[in-house]
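>>> Sequence plus the predicted model coming up.
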Amino acid sequence: MKFALFLATGFEEGEAIITTGVLRRGGIKLELISITKALEVVSSHDVTIKADKLIEDVKYEDYDGFILPGGRIGVDNLAKNEMLKDWLLKANNAQKTIAAVCAAPQILGHLGILDNKEATSYPGCTEGMDKAIYNNEIAAITDGHIITGASVGSTMNFALAIADRVLGAEKVMKLQNELVIRD
């Protein structure tokens, strides 16, 4: 299993880095993919992260799942990328894992991917999600191959939901123990 996590100028760095760290600790291959023309991408809080690859240098077929971090400006920039939107539609048709957190579920909503799916997002970031079964009381929701998360504060739950879909409950319990997650 290999995942792509997409970075655009203005992405929410906490969501991107926590998700990357949790999944890689769990043994899941994950590449940071820049949709900009450069590997170095500046986050919503002026943190520069170096992506592994540029989107034009990778192929859809190389990935089993796709992850979108939030950040208002980052989400706006992700939503403008036609290649990414095409990949998300293909992934949805192929039932590949698609995960989006914070404001990013709006992209899935606009593409019709959340139609009749239970989903969450950052409060107030629901544009395009009118056909989703919306619940902002839950940190992370898995509905089939679609995973949504509410915010940077929910990112650990979001990342563990992705890990659970890929690794299964037993391995996720082990991962939670290694991460010293407590109630």
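Good, I have the coordinates.

>>> pLDDT below threshold where in the protein?
Scanning the chain for pLDDT under 70 picks out no residues.

>>> for it, what spans make up the strands?
Taking DSSP state E as the test, the strands found in the chain are 2-7, 29-34, 40-42, 48-50, 53-54, 65-68, 97-101, 118-119, 133-134, 140-143, 146-149.

>>> Between these, which one is closest to residue 169.
strand 140-143 (11.9 Å; CB to CB). Every residue, glycine included, has its C-beta placed from N, CA and C.

>>> just to revisit the earlier point, JSON lines please, covering the strands of the chain and showing distance to residue 169.
Shown next, in JSON lines, are these (distance: least, CB to CB, whole Å):
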{"stretch": "strand 2-7", "distance to residue 169": "19"}
{"stretch": "strand 29-34", "distance to residue 169": "20"}
{"stretch": "strand 40-42", "distance to residue 169": "33"}
{"stretch": "strand 48-50", "distance to residue 169": "31"}
{"stretch": "strand 53-54", "distance to residue 169": "31"}
{"stretch": "strand 65-68", "distance to residue 169": "18"}
{"stretch": "strand 97-101", "distance to residue 169": "16"}
{"stretch": "strand 118-119", "distance to residue 169": "19"}
{"stretch": "strand 133-134", "distance to residue 169": "24"}
{"stretch": "strand 140-143", "distance to residue 169": "12"}
{"stretch": "strand 146-149", "distance to residue 169": "15"}
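
>>> so what's residue 50 up against?
Going by CB atoms under 8 Å, 6 or more residues apart in numbering, residue 50 touches 32, 39, 40, 41.

>>> Any idea what it is bridged to?
residue 40 (DSSP bridges).
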